[in-house]
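Visitor: model this:
(2 chains)
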Amino acid sequence: MALLELAGVLASYDGVQALHGMDLSVSEGEMVALLGANGAGKTTTLRAISGTVAVQGSVRFDGEDVTGSPAHRVARLGVGHVPEGRGTFVDLTVEENLTLGALARGRRMRDLVASDLETVHGLFPVLREFSARQAGALSGGQQQMLAIARAILGRPRLLLVDEPSLGLAPMVTAEILQSLRELQGEWGLAVLLAEQNARRALAIADRAYVLESGRVVASGDAAALREDAAVQDAYLGADDPGRSGQPEQTGRTT
Amino acid sequence: MTELWQQVLSGLGTGFIYASLALAISVVYQGTGVLNFAQGVMATVSAYLAWSLVTRGVGFWVALAIVLVISFGFGALTERVFIRPVEGAKPLVLITVTAALLVGFQAVVAIIWSDDPQRLETPFGGGSVSVLGASLTSQQIGAASVVLVTLLLAGAFFRYTDLGLRMRAAAQNPASARLLAIDVGRMLALGWGLAATVGAVAGVIYAPTLGLSPGMMDSSLLLALAAATLGGFDSRVGAVIGGLVLGVASNLASRYVPGIQGDLQLLVPFLVIFVVLLLRPQGLFGKASSVRA
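Guide: Below you'll find the model as predicted:
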């Protein structure tokens, strides 16, 4: 059975429909990419899952109906969300940010916090180095690492990651995605990755969904999508993020 | 020199009232973005509750403990009932609500306990203590010590406990806090409860000096608002230091500046605020607001 299942999910902001019947599923331990231009509904899909936007339809996590559940309860069930714009607590130290991540796991696997912290520091050594610094003093790439580290310290079973490459150097993005991939293997973590850069996402994911105007228009194995010329031309041609689509929900996503 | 020292110390004594109310105001402000004008009268309610218990034969310290528990619940309930429904409203709406709470609670106090002033006996006895040449009453020393301990405990709570960390996170970035399984609504109610408790300590412990009346905390509230402005509303440490500074400043002014006595000493803190707002609008310890990416 799928870990996450969305069926006919609708969502809107201020009366503007952002999702028009979204269907998708993610299995345990799988890395799935959500592709599409700005405004296709990637961010809203992630928010529909984590409970940070009002939805209709059905969102099921681990067999439980979480449609309309408040965000903190969904998080407690084991859904981590690295939001667009990272959402680090800029006035708290790096260490405090990470502690908050570990606290999010509640009573699950509490005895593993210390060793998980080791793992995270191993993946992102810079976070150990700057542990006493205010998160706001970190660079964009470091804050992105912090946001991901914080989310995975909650030991989620499903991690939602929104545009980790936004505003980052390609090298840094590759490093972050690689770290995710490693953890996915070690912890059996399922990852749903929203990414505008289709090439990069398809290079690392197992499967992908291509979104357009709040619907799935194509899906399949990442390898197959990479080869599919029609999909390439129609949806994935734009490596230049500024080329297509209307701006995505500016100001509502942070 | 001894005279100056004496004035500084007794100024610090009253400064602790302002400091604790200012801390309460800043905790609430950071959490819910509300400037709580009712913070003072909430402490008044606590003081009257303690008085009621003591006049019924309960010992002072037992009464204080009971009142602190009740005050915590009272603060949390106030957030739930009066603030939650207007969450996210415009600042003007929120200010109107807390101003209404100020007037409302004050009226309720007058209805329950009447307008007649009451006296609460000091638990510290009538003696006086000499501190490096200055002479202070044991009430002055005792009250300041109790409040100081309270402020340190509150600081340690926010700094070192998981719950304190969660509350800071919820105050700073509610959206991210929710994604980390933090029940933000509960944290805000806890913040109000904690603020009311800190205020209650000051209200009860200083009641023997201030005397009980529905308006007993009015000028302290003004000075606490001044202290929070001085230190910066988004800095708990700043608010406390602001309170102590204003306590000393107004006491020194009333002693040394000719023509400033009694109620006129209220002018001093406002002069301080005026200057601070001109030079450093975010307060001495506050952060300048900036647009975040």
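Visitor: pull the number of nearby residues for whichever residue of the stretch 101-250 of chain A sits closest to chain B.
Guide: Using CB to the nearest CB, the single residue of the stretch 101-250 of chain A nearest to chain B is A:Ala104, 4.2 Å away. Every C-beta, even on glycine, is put in place using the N, C-alpha and C of the backbone. Using other CB atoms under 10 Å in any protein chain shown as the criterion, A:Ala104 is surrounded by 25 other residues.
Visitor: who touches it in this structure?
Guide: By CB atoms under 8 Å, 6 or more residues apart in numbering or on different chains, the contact list for A:Ala104 reads A:75-76, A:80, A:153-154, B:180-182.
Visitor: phi first, then psi, for it.
Guide: As for A:Ala104, its main-chain torsions (degrees, to the nearest 10) stand at phi -70, psi -20.
Visitor: can you count the residues close to the closest residue to it other than its chain neighbours?
Guide: Leaving aside its sequence neighbours, A:Ala104 sits nearest to A:Gly154 (CB to CB, 6 or more residues apart in numbering or on different chains; 3.6 Å). Using other CB under 10 Å, the number of residues around A:Gly154 comes to 27.
Visitor: now do B:Pro258
Guide: 5.
Visitor: name the SS class of it, please.
Guide: coil (DSSP: H, G, I helix; E, B strand; the rest coil).
Visitor: how much space between it and chain A?
Guide: The gap separating B:Pro258 from chain A is 45 Å, by CB to the nearest CB, to the nearest Å.
Visitor: likewise for B:Ile112?
Guide: For B:Ile112, the distance to chain A equals 38 Å [CB to the nearest CB].
Visitor: element containing that residue, please.
Guide: Element membership of B:Ile112 [criterion: DSSP states H and E] is helix B:91-113.
Visitor: buried sites along that helix?
Guide: B:94, B:97-98, B:101-102, B:105-106, B:109, B:113 (16 or more other CB atoms under 10 Å in any protein chain shown).
Visitor: helices and strands of chain B: which one bottoms out on pLDDT?
Guide: Lowest by mean pLDDT, DSSP states H and E among the helices and strands of chain B is helix B:267-279, with a mean of 82.
Visitor: show residues contacting it.
Guide: B:222-223, B:226-227, B:229-230, B:245-246, B:249-250, B:253-254, B:257, B:260, B:283-284.
Visitor: list just the nearest of those residues to chain A.
Guide: Comparing the contacts of helix B:267-279 against chain A with CB to the nearest CB picks out B:Gly283 as the nearest, at 15.1 Å.
Visitor: what about that closest one, how many residues nearby?
Guide: For B:Gly283, the neighbour count with other CB under 10 Å is 24.
Visitor: can you pull the contacts of the nearest residue to it once chain neighbours are set aside?
Guide: Leaving out its chain neighbours, the residue that sits closest to B:Gly283 by CB to CB, 6+ apart is B:Gly232, at 2.8 Å. Listed by CB under 8 Å, 6+ apart, the contact partners of B:Gly232 are B:238-239, B:242, B:282-287.
Visitor: would you mind measuring the gap between the ends of stretch B:78-91?
Guide: Distance across stretch B:78-91, first residue to last, is 18 Å (CA to CA, to the nearest Å).
Visitor: now do that stretch: distance to the chain's middle.
Guide: Chain-centre distance of stretch B:78-91: 20 Å, with CA atoms, centre = their mean, to the nearest Å.
Visitor: buried ones in that stretch, by neighbour count?
Guide: By 16+ other CB under 10 Å, the buried positions in stretch B:78-91 come out as B:78-80, B:82-83.
Visitor: same list, those residues, but only the ones touching chain A.
Guide: Applying CB under 8 Å from any CB of the partner chain, the subset of those adjacent to chain A is empty.
Visitor: closest to A:Leu146 out of the residues you listed?
Guide: Nearest to A:Leu146, judged by CB to CB, of the buried residues of stretch B:78-91 is B:Glu79 at 30.9 Å.
Visitor: quick one: which helix or strand includes the residue nearest to that closest one when sequence neighbours are not counted?
Guide: Of all residues not flanking B:Glu79 in the chain, B:Trp192 sits nearest, at 3.8 Å (CB to CB, 6+ apart). For B:Trp192, the element it lies in under DSSP H and E is helix B:184-210.
Visitor: how about the contacts made by B:Cys141?
Guide: Actually, residue B:141 is Ile. It isn't Cys. Neighbouring residues of B:Ile141 by CB under 8 Å, 6+ apart: B:13, B:124, B:129, B:131.
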